[in-house]
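Enquirer: Requesting a structural model of the entry that follows:
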Amino acid sequence: MVVLYLSVPVLTAQSIVKLEYFIDKDPGCGKGTRVSFSGPQDTLLKSFSIPTTGLTSGRHFVHVRVQDSSKKWSPWQLQMFMIEDTAYKGPINQVEYFMDKDPGSGKATALSINRADTLRKTFQPAISSLTGGRHFIHVRSRIANGLWSPWQFQMFFIDDTVNRGPIVQAEYFLNKDPGCGKAIPISISSGDSISKNFIAAVSTLPSGRHFIHLRTKIGNGFWSPWQFQMFFIEDTVNRGPIVQAEYFFDKDPACGKATAIAINKADSVGKTFTASISSLTTGRHFIHTRTKIGNGFWSPWQFQMFVIEDTLSLGKPDGYEYFIDRDPGIGKGNKVTVSPVDILDRKITIGTSALSPGYHTFSSRVRIAKGLWSPYQSQLFYLSESEASVKINAISYGVDSSLLNKKRAVMISIN
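Expert: Numbers count the residues shown, from 1 in each chain. Modelled structure (predicted):
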C-alpha cells in the first residue's frame, strides 16, 4: 500500500472536477483509477491510499493528474516508490556499486562496510577507465537473508581537462536540440567560470510545459553536456499588476478567504510580514502564500515548513556542539564555547585532519538554559586533499525573548 499526499492548485478561473492516477504505464486521460473528492475545488489537497497488490518487487512510478471544469487534463505529476519483500530483513551485510551497466547482483565492485541496520558510507569510485561524457553510478546493498535492494543511482560527467581552456561560448535552446553551435547564443566574456543572467525568448511558445537547455564551449572546441530546467507558459493576456496577497497555515480555506497581507499594488512585490501563530499547536506546520493579479487570477501558492515549540521559559541558548558525519549522541559532540544570548551567530573553523578527502556532513545543535537540545541541522561540504580545515561561515539560532512561556517558531540555519 502506498499513501500519497496530493496538493494541486489551479491557475485559471476553472475548478478541479476529476482526479485520477495510474502506475507505471499511462492508459490515457480519463482511463486511470479515479479518486473521489468533494468538489469542484479551486485547490485540491488530498491524501489517499494506492493498492500495490499485483506489482512486482522493485521500482515503480505513480502518476497523478486532474481535470478542470472545461474538461482539460493537467500534465501528470509522478512519484517513485519501491516494492520490497520485507520478510525477515536482517541487517545490511554487503554493499556494492557499478558504473552504467549492471553486471548482476553480487558481481559489482564491493565496498568495505560494518554490518548494521542502516549505513552511511563515503567512498571514492574508480573512474580511470571511463570515457568522457555522461555516466551513472549505481549502489545497492544486501541484507542478512540474502536479498539485494533495488539500486540507487546518480548521474555524473567525465570531462577531459587536458588543455581545456576557458569558456568561450554559451547558448540555449527550448525543448528540441538544434545541434551544438546552432542554438541561440548568449553573450558572455571568456572565463574559467561564468555566471550569467539572461532573458530567454518565449513569445513563440504555446501555453504549457517547456524545457530550457544551456551549454557552453571551451577554448579547445568541446561543448559541455546541456543542463536543463522545466518551466510553464501561461496565457497572461490583460494580466495586470499584483493587487492582493494572502497566507494560510496547513489547510487551504480557498482563494480570497485566507489571511490578507497588506501590500502596495505593483508588478512585483517583496514583502516581509509577521504571521500569527498563537492558535497553532506545537509541531510541524506549513505556511502558504499566494497573490492575485488585476484580472482576478490567483497564483499557485508557495509554501515553507516550520516547527512550533512550547518554550515554557526555557531560557536562552547557552551551549553549542557539532559533529561530522556520525552523531555521537546529544551532549557528546565537539563543544563550542558560547555565552547565553537570544541570538547565537558564530563563525567557526573545524579541523579536518582525521577526515578523508570527499563529501562529508557537518551537523550542529544548540542547548538552551533548561538543558534541552534542539534538533540538529546539517550541511554537506567537500574536502579536497589540500585542505587542512573547513570554515563554516554562519551558524545561527534565534530565540524571541518576548515569546518565552509561549509558542514560538524556530529556525536554525547553516550556510
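Enquirer: Where does pLDDT dip in the stretch 151-300 of the chain?
Expert: For the stretch 151-300 of the chain, applying pLDDT under 70 flags the ranges 159-164, 234-239.
Enquirer: Could you export stretch 129-141 as PDB, CA atoms only?
Expert: The C-alpha coordinates for stretch 129-141 follow below in PDB (Å, rounded to 0.1, in the frame of the first residue of the first chain):
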ATOM      1  CA  SER A 129      38.700   3.500 -17.300                       C
ATOM      2  CA  LEU A 130      35.600   5.600 -18.100                       C
ATOM      3  CA  THR A 131      35.300   7.700 -21.300                       C
ATOM      4  CA  GLY A 132      34.500  11.400 -21.300                       C
ATOM      5  CA  GLY A 133      30.800  12.300 -21.100                       C
ATOM      6  CA  ARG A 134      27.800  11.300 -19.100                       C
ATOM      7  CA  HIS A 135      27.800   8.300 -16.700                       C
ATOM      8  CA  PHE A 136      25.700   6.800 -14.000                       C
ATOM      9  CA  ILE A 137      26.900   5.300 -10.700                       C
ATOM     10  CA  HIS A 138      24.600   2.700  -9.100                       C
ATOM     11  CA  VAL A 139      24.700   1.500  -5.500                       C
ATOM     12  CA  ARG A 140      22.800  -1.400  -3.800                       C
ATOM     13  CA  SER A 141      23.000  -3.400  -0.600                       C
END
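Enquirer: Pull the residues that contact it.
Expert: In this structure, residues lying in contact with stretch 129-141 by C-beta atoms under 8 Å, 6 or more residues apart in numbering are 92, 94-100, 102, 105, 108, 119, 125, 127, 148-160, 225. All C-beta spots, glycine's among them, are computed from the backbone N, C-alpha and C.
Enquirer: Any buried residues in stretch 248-261, and which?
Expert: The neighbour-count criterion (16 or more other C-beta atoms under 10 Å) identifies Phe248, Phe249, Asp252, Cys255, Ala258, Ile261 as the buried residues of stretch 248-261.
Enquirer: Let me see the residues that make contact with that stretch.
Expert: Contacts to stretch 248-261, defined as C-beta under 8 Å, 6+ apart, come from residues 41-43, 45, 244-247, 271, 273, 275-277, 280, 285-290, 292, 298, 301.
Enquirer: if we go to 7 Å?
Expert: When contacts are taken as C-beta atoms under 7 Å, 6 or more residues apart in numbering, the neighbours of stretch 248-261 outside the stretch itself are 42-43, 45, 245-247, 271, 273, 280, 285-288, 298.
Enquirer: So what's the gap between it and the chain middle?
Expert: Here the centre of stretch 248-261 is set off from its chain's centre by 24 Å, with C-alpha atoms, centre = their mean, to the nearest Å.
Enquirer: same check, this time on stretch 269-277
Expert: For stretch 269-277, the separation from the chain centroid amounts to 23 Å (computed by C-alpha atoms, centre = their mean).
Enquirer: And for it, what's in contact with it?
Expert: Residues external to stretch 269-277 that are found in contact with it (C-beta under 7 Å, 6+ apart): Ile242, Ala245, Tyr247, Ile261, Ile263, Ile287, Thr291, Ile308, Lys407, Ala409.
Enquirer: For those, which single residue is the most surrounded?
Expert: Thr291 (21 neighbours; other C-beta atoms under 10 Å).
Enquirer: before we move on, the earlier item: which of the contacts of stretch 129-141 are buried?
Expert: Using 16+ other C-beta under 10 Å as the burial test, these include Ile92, Gln94, Val95, Glu96, Tyr97, Phe98, Met99, Ala108, Ser149, Trp151 as buried.
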